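**Student:** this is the structure alone, sequence omitted:
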């Protein structure tokens, strides 16, 4: 049985489980690059099932990260 994620495609359920575990460990929703790095999941595995990373986040029960808000010029 192959267990190296670099040699086979993970199932949708496995990726969701990895994502939930990563969220639990970090205490926040990770971005795509951070999730892939920490969980050892290839971006191609994610793209096979979800066209957008935010779709994985929603399916796993998380909330997508918000864009950073611009600091008003008056506060600089």
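**Tutor:** Sure thing, it's come through. This one's a predicted model, so the numbers in the text were calculated from it and none came from an experiment.
**Student:** okay, how far is it across stretch 38-58, tip to tip?
**Tutor:** In terms of Cα to Cα, to the nearest Å, the two terminal residues of stretch 38-58 are separated by 19 Å.
**Student:** just give me how far that stretch sits from the chain centre.
**Tutor:** Stretch 38-58 has its C-alpha centroid displaced from the chain centroid by 6 Å (Cα atoms, centre = their mean, to the nearest Å).
**Student:** when you give positions from now on, start the count at 17
**Tutor:** Fine by me, first position is 17 from now on; the one you just mentioned is stretch 54-74.
**Student:** name the helices or strands packed onto the longest helix seen in the chain?
**Tutor:** Counting by DSSP state H, the longest helix found in the chain is helix 28-42. In this structure, helix 28-42 makes packing contacts with helix 48-55, helix 59-65, helix 69-75, judged by 3 or more Cβ pairs under 8 Å, 6 or more residues apart in numbering; DSSP states H and E. The way it works is simple: take the backbone N, C-alpha and C, and place the C-beta from them, glycine included.
**Student:** redo these as a markdown table? Include distance to residue 87.
**Tutor:** What follows is the helices and strands packed on helix 28-42, written out as a markdown table (distance: least, Cβ to Cβ, whole Å):
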| stretch | distance to residue 87 |
| --- | --- |
| helix 48-55 | 23 |
| helix 59-65 | 31 |
| helix 69-75 | 25 |
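**Student:** before I go, just wanted to say thanks for your time.
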